[in-house]
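Colleague: The amino acid sequence is not available; the structure is as follows:
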């Protein structure tokens, strides 16, 4: 097996190149695309007009840069922060504090194709909200400066004023790369829900059609959010709705609503069970459907129903006569009435019925505010999304043991929705929340209550929800009432800087500085999290001391999503005895410091496992 040096890179284009190579291997050589060969293969499907061609789609100033930003590898990493979560040793729920663009990049390898459902509530671009302003040249460095993690501080966010000439473009350039990255994390049966309002719903539809495909559109839900109309508007129109766009990865994702057996009864003790009556009149004129316009006779009274209804019957004459023979027809007591049919509960081929795209009486914005007040004793945030609304989508689109993601977590209503639903149906759903440390307004209730950022408010909400639910019933069995906090920061590896000089002393100094690839501030916990991400292991993987070498510092990482194990040691020296105790299985990866092994040890280990050194 090979011995390689571990590199802190996340090449986001590898997956697409691999897919292209599987389809047209002749068009790739040494990892590069042969454009001439690819053009020959595409043939008539190639657009010869190139950049001059006109295509249907949404274009805006900055789109090319936004598309490129989605594939620029991140130079950061995600490190654990002990003491800010709850039940940190056992939980699989994560709250990641950081710029969601960089975090989504870092999750691409470890979480690709694992997320069953995504819900996000991004800034609506009303002209007053904060919008993430990405630095296309140095996104991570810009984030670290703005959050005070490097020397130069700055404004974290800015309002996207309508007076700005690129009002819509700024918002589109923000959301576009994040959605491209989010799609790669979804399972094939995964689904995404996005809350939005009238300001950008039309543009968001175009973006989603481009990123997911127009055929992936499931629904545009209209949520009735305001319980009492707002009479303060000069237009005298109260905007009482928002939208929730729903797109799928490839498989129809929603489960529908359970049928209500209370709508069925059995007053005549029919042996076929409970039933309800249904209308038999049709929807077509005689000119449109002449076969549905016929005379019906009640066999017990001889009464004829002639002429037929103006729009005919809903079923054919043969089917109607079959219903008569089966005793399914309910004949009216008066000549002016119309026959109806019995529909039995057991006739339903599906146990569920369709979910309406108009969400009436699900929850209102004031319910979200009340949830916050109940938890904090005051309104530390105005009109957050009610957890009951999000819970509806989680019910519709998740399995009891699936992974959910919210990368605009805000004050974390998604966490409350998932925790409560897990308790209601016995599920073991787990979630990853991502939230930028967006500053709360200086004069806000949240700031006065001590919450400097939205991330701090979100974490505290989760703690209070857990405390409340634990008081109601202590966690038992598989109920996971906990979360770990992780933060985006600089890589544990030194950043490589090209040297173009020729001074021999400077060259010597340069190589001395990069003799070890690790930054001075590296920590074992942070380095392990980074190595796990680099090697494709989720952050909730199980980490345990290796059974045969507990005192050696060797540990093993396992995950249900990986067919092999990751073993690691960051000790300064590894003894032959310790290495000899380790039994490697096929495909196992062993990561350690390069300086901890002799050349002879490296040769022997490379024959037994996939050895990677730092």
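Modeller: Thanks, I have it. This is a predicted model, so every value here is computed, not measured.
Colleague: CA only for contacts and neighbour counts going forward, please
Modeller: Noted.
Colleague: Which parts of the chain belong to which domain?
Modeller: The record's domain split for the chain, according to automatic domain parsing, is 3-69, 76-258+354-490, 261-347, 504-613.
Colleague: most neighbours per residue, which of these?
Modeller: Scoring these by mean neighbour count under mean count of other CA atoms under 10 Å gives domain 76-258+354-490 as the most buried, with a mean of 19.
Colleague: any idea of the mean pLDDT in that one?
Modeller: Averaging pLDDT along domain 76-258+354-490 gives 90.
Colleague: and it, how far out from the chain's middle?
Modeller: 9 Å (CA atoms, centre = their mean, to the nearest Å).
Colleague: same deal with stretch 284-304?
Modeller: The gap between the average C-alpha position of stretch 284-304 and the chain average comes to 53 Å, counting by CA atoms, centre = their mean.
Colleague: Now do it: everything it contacts.
Modeller: The set of residues external to stretch 284-304 that reach it, using CA atoms under 8 Å, 6 or more residues apart in numbering, is 282, 305-317, 331, 335.
Colleague: so where's the stretch 501-614 of the chain shaky on pLDDT?
Modeller: The model of the stretch 501-614 of the chain has pLDDT under 70 over residues 501-503, 505-515, 548-552.
Colleague: Do you have the strands of it handy? List them.
Modeller: Per DSSP state E, counting those that start in this stretch, the stretch 501-614 of the chain carries strands over the ranges 542-545, 555-558, 566-569, 589-592, 610-613.
Colleague: nearest to residue 72, of the ones you listed?
Modeller: Ranking those by their distance to residue 72 (criterion: CA to CA) puts strand 610-613 first, at 24.2 Å.
Colleague: How far off centre is the closest one?
Modeller: 32 Å.
Colleague: Indicate each strand paired with that strand and its parallel or antiparallel sense.
Modeller: strand 3-5 (parallel), strand 589-592 (parallel) (DSSP bridges).
Colleague: Export the strands of the stretch 501-614 of the chain to TSV and append columns for distance to residue 287.
Modeller: Shown next, in TSV, are the strands of the stretch 501-614 of the chain (distance: least, CA to CA, whole Å):
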stretch	distance to residue 287
strand 542-545	69
strand 555-558	69
strand 566-569	72
strand 589-592	74
strand 610-613	76
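Colleague: dump the residue contacts of residue 377.
Modeller: If you count contacts by CA under 8 Å, 6+ apart, residue 377 has none.
Colleague: Tell me the spacing between it and residue 288.
Modeller: 63 Å (CA to CA, to the nearest Å).
Colleague: Can you work out which other helices and strands pack against the host helix or strand of residue 373?
Modeller: Per DSSP states H and E: residue 373 is located in helix 365-376. Packed against helix 365-376 by the contact rule (3 or more CA pairs under 8 Å, 6 or more residues apart in numbering; DSSP states H and E) you find helix 454-472.
Colleague: Beyond the helix it packs on, next helix or strand please.
Modeller: Per DSSP H and E, the first helix or strand lying C-terminal to helix 454-472 is strand 483-490.
Colleague: related to what we said a few turns ago, got the strands paired with strand 610-613 as CSV, with distance to residue 426 columns?
Modeller: Rendered in CSV, the data for these read as follows (distance: least, CA to CA, whole Å):
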stretch, distance to residue 426
strand 3-5, 45
strand 589-592, 36
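Colleague: so which of those gets nearest residue 191?
Modeller: Go through the strands paired with strand 610-613 one by one with CA to CA and the one that ends up closest to residue 191 is strand 589-592, at 32.8 Å.
Colleague: List of residues touching that closest one?
Modeller: For strand 589-592, the surrounding residues in contact (CA under 8 Å, 6+ apart) are 564-571, 609-614.
Colleague: hmm, 6 Å instead?
Modeller: Under the contact criterion CA atoms under 6 Å, 6 or more residues apart in numbering, strand 589-592 has outside partners 566-570, 610-613.
Colleague: Check stretch 193-209 too.
Modeller: When contacts are taken as CA under 6 Å, 6+ apart, the neighbours of stretch 193-209 outside the stretch itself are 119-121, 124, 242-246.
Colleague: Recalculate using a threshold of 8 Å.
Modeller: Defining contact as CA under 8 Å, 6+ apart, one finds that stretch 193-209 is touched by 57-58, 117-122, 124-126, 168, 172, 176, 179, 214-217, 241-247, 393.
Colleague: Restricted to strands, list these.
Modeller: Taking DSSP state E, the ones among the contacts of stretch 193-209 that sit in strands are 117-120, 217, 241-247.
Colleague: Just want the most central residue of the protein.
Modeller: Averaging the C-alpha coordinates of the chain gives a centre point, and the residue nearest to it by CA atoms, centre = their mean is residue 118 (2.4 Å).
Colleague: contacting residues around that one?
Modeller: Applying CA under 8 Å, 6+ apart, the residues contacting residue 118 are 186, 191-193, 404-406.
Colleague: which one of those sits closest to residue 534?
Modeller: Nearest to residue 534 among the contacts of residue 118, counting by CA to CA, is residue 186 at 19.0 Å.
Colleague: Quick check: bridge partners of the closest one?
Modeller: Here residue 186 shows beta-bridge partners residue 115, assigned using DSSP bridges.
Colleague: Offset the numbering so it begins at 59, please.
Modeller: Sure thing, new numbering starts at 59, so read that last one as residue 244.
Colleague: Would you check which pair of the contacts of stretch 342-362 lies furthest apart?
Modeller: Looking at the contacts of stretch 342-362 by CA to CA, the two members farthest from one another are 374 and 393, with 21.9 Å of separation.
Colleague: so how far is residue 589 from the closest residue to residue 498 other than its chain neighbours?
Modeller: In space, not counting the residues next to it along the chain, residue 498 is nearest to residue 511; the distance is 5.1 Å by CA to CA, 6 or more residues apart in numbering. Going from residue 511 to residue 589 by CA to CA gives 29 Å.
Colleague: Export the contacts of strand 647-650 to CSV and append columns for distance to residue 615.
Modeller: Below are the contacts of strand 647-650 laid out as CSV (distance: CA to CA, whole Å):
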residue, distance to residue 615
624, 5
625, 6
626, 8
627, 11
628, 14
668, 14
669, 15
670, 15
671, 16
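Colleague: Closest to residue 80 out of those residues?
Modeller: Ranking the contacts of strand 647-650 by separation from residue 80, with CA to CA as the measure, puts residue 668 on top at 24.7 Å.
Colleague: Next one: the closest one from residue 622, what distance?
Modeller: With the distance defined as CA to CA, residue 668 ends up 11 Å from residue 622.
Colleague: what about residue 247, which SS state?
Modeller: strand (DSSP: H, G, I helix; E, B strand; the rest coil).
Colleague: who are the neighbours in contact with it?
Modeller: Residue 247 makes contact with 174, 306-311, according to CA under 8 Å, 6+ apart.
Colleague: how about 6 Å then?
Modeller: Contact analysis of residue 247 by CA under 6 Å, 6+ apart lists residue 309.
Colleague: Could you report the distance from it to residue 274?
Modeller: Residue 247 sits at a distance of 11 Å from residue 274 (criterion: CA to CA).
Colleague: Same question for residue 119.
Modeller: When CA to CA is applied, the distance between residue 119 and residue 274 equals 26 Å.
Colleague: got it, and residue 175?
Modeller: Distance, residue 175 to residue 274, by CA to CA: 14 Å.
Colleague: Residue 155 now?
Modeller: Note on residue 155: its distance to residue 274, by CA to CA, is 30 Å.
Colleague: same question, residue 529
Modeller: Per CA to CA, residue 529 is found 42 Å from residue 274.
Colleague: re the thing from before, could you export the ones in strands among the contacts of stretch 251-267 as a markdown table, including distance to residue 92?
Modeller: Formatted as a markdown table, the entries for the ones in strands among the contacts of stretch 251-267 read as follows, by distance: CA to CA, whole Å:
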| residue | distance to residue 92 |
| --- | --- |
| 175 | 37 |
| 176 | 36 |
| 177 | 39 |
| 178 | 39 |
| 275 | 34 |
| 299 | 51 |
| 300 | 47 |
| 301 | 44 |
| 302 | 42 |
| 303 | 39 |
| 304 | 37 |
| 305 | 34 |
